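Enquirer: Structure for this input, please:
(one chain, ligands or ions: 2)
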Amino acid sequence: MNLKIALQKQGKLADGSTRLLHKCGIEFSNGYGKLRTEAEDFPLEIFFLRDDDIPDYVADGVADVGIIGQNVLAENPKKVKTVEKLGFGRCRLSIAVPKGLGYTGLQDLTGKKIATSYPNILSDFFTANAVSAEIHEVNGSVEIAPSVGLSDAVCDLVSSGSTLFSNGLREAETVMTSEAVLIARPDLPVDASAILDQLLFRIRSVKAAEQNKYILLNAPADKVEDISRILPGMRSPTVVPLAEPDWVSLQSVISEHEFWNVVDELKRAGAEGILVVSIDHMIV
Ligand code: PRT
Ligand code: ZN
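Expert: Ligands and ions are numbered 1, 2, ... in the order given. Predicted coordinates for the structure are as follows:
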């Protein structure tokens, strides 16, 4: 019995999906032209598909689970469950206008023509914000629509913003944010569901490890209490004596974001030789 997973064959989610499974200790090869493979050391069968086809494969039960951007599901809802956000493939669906155009707010879009591959999401957004604009559906190369006279503005996915920039456009409004998610068919058979639980356990450990760092620092023994208060660790930090009398090493886990917030405070409290180390896996 295998869990069947559908991944994007090529594109913005392909590398992230493969990397995540590899980090979960699941090895497989995605050779050129391969549409299906089996993992070597985990009961997983992998289908490589176009991202737009993945929700249907999962809804129809051809695949049990799949990895897809939230934007695809929002545009085209299917009978699937979202079981986990995966933290990669982050982007936003944004309305962008030509750089030279003065833009003061959504009402400026009234009567304008907006090119997009996301007509449903955009139409809901306009309805919710009482904007009456014309939506022009295009498939691909959305960003060139204003310069060729096809539309006044666009609504497209953005990550770094460089595509908009090089097409003379600037982001005006964020319609939705998106990231890759793991979806599952609603009627998952019991054996498949048990394998999915194992997979989710590994995915959550990988995600927790990515969001946290192991921190080691040296400090005078009489500063341990002050420094422990600053470190929002898993429980209390490990304190190990150093060869130098009255000095200790403190060790703890801290989220990367929190580290940058407290680093100055730690130094002021007497911390020295601060090391921040990546974590491979973190069992949560
Ligand atoms: O062939 P297939 O149908 O499988 O792929 P696709 O061309 O339909 O999709 P693909 O690979 O472009 O995107 C798959 C998913 O990746 C999307 O549905 C999003 O959830 C996610 N994602 C994350 C992105 C981006 N970032 C992204 N930047 N999808 C597309 N882009 C495009 C965007 O459309 C624009 O053309 O990249 C360009 C902008 O990038 P920046 O960095 O210049 O802003
Ligand atoms: Zn696609």
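
Enquirer: mind showing which ranges of this structure have poor pLDDT?
Expert: 233-234 (pLDDT under 70).

Enquirer: So which bits of it are right by ligand 2?
Expert: Applying C-beta under 5 Å from the ion, we find that the chain lies next to ligand 2 at 51-52. Where you see a C-beta, it was placed from the backbone N, CA and C, and this is true even at glycine.

Enquirer: so the residue of the chain most remote from its centre, which of the three states?
Expert: What lies farthest from the middle of the chain is Pro245; by C-alpha atoms, centre = their mean that is 46.4 Å. Three-state assignment for Pro245 (DSSP: H, G, I helix; E, B strand; the rest coil): coil.

Enquirer: just Leu199 next, same as before
Expert: Classified using three-state DSSP, Leu199 is helix.

Enquirer: Please report how far it lies from Lys78.
Expert: The gap separating Leu199 from Lys78 is 21 Å, by C-beta to C-beta, to the nearest Å.

Enquirer: Contact partners for Ala269?
Expert: Ala269 is in contact with 219, 223, 226-227, 230, counting by C-beta atoms under 8 Å, 6 or more residues apart in numbering.

Enquirer: mind running it again at 6 Å?
Expert: For Ala269, the contact set (C-beta atoms under 6 Å, 6 or more residues apart in numbering) comprises 223, 226-227.

Enquirer: Please enumerate the strands of the stretch 1-150 of the chain.
Expert: Applying DSSP state E, counting those that start in this stretch to the stretch 1-150 of the chain gives strands spanning 3-8, 36-38, 44-49, 65-69, 81-85, 91-98, 113-116, 134-137.

Enquirer: Tell me which of those strands sits most buried.
Expert: strand 65-69 (a mean of 27; mean count of other C-beta atoms under 10 Å).

Enquirer: partners of that strand, with directions?
Expert: Here strand 65-69 has these sheet partners by DSSP bridges: strand 3-8 (parallel), strand 180-184 (antiparallel).

Enquirer: Okay, angle between it and strand 91-98 too, please.
Expert: For strand 65-69 against strand 91-98, the angle by axes from the mean of the first three to the mean of the last three C-alpha atoms, to 10 degrees is 20 degrees.

Enquirer: roughly how far out does strand 65-69 sit from the chain middle?
Expert: Averaged C-alpha coordinates place strand 65-69 at 12 Å from its chain's average position (C-alpha atoms, centre = their mean, to the nearest Å).

Enquirer: Break this protein down into its structural domains.
Expert: Domains of the chain are assigned by automatic domain parsing as 3-89+179-209, 91-178, 212-278.

Enquirer: and the shortest one, how far from the chain's centre?
Expert: How far domain 212-278 lies from its chain's middle: 29 Å, per C-alpha atoms, centre = their mean.
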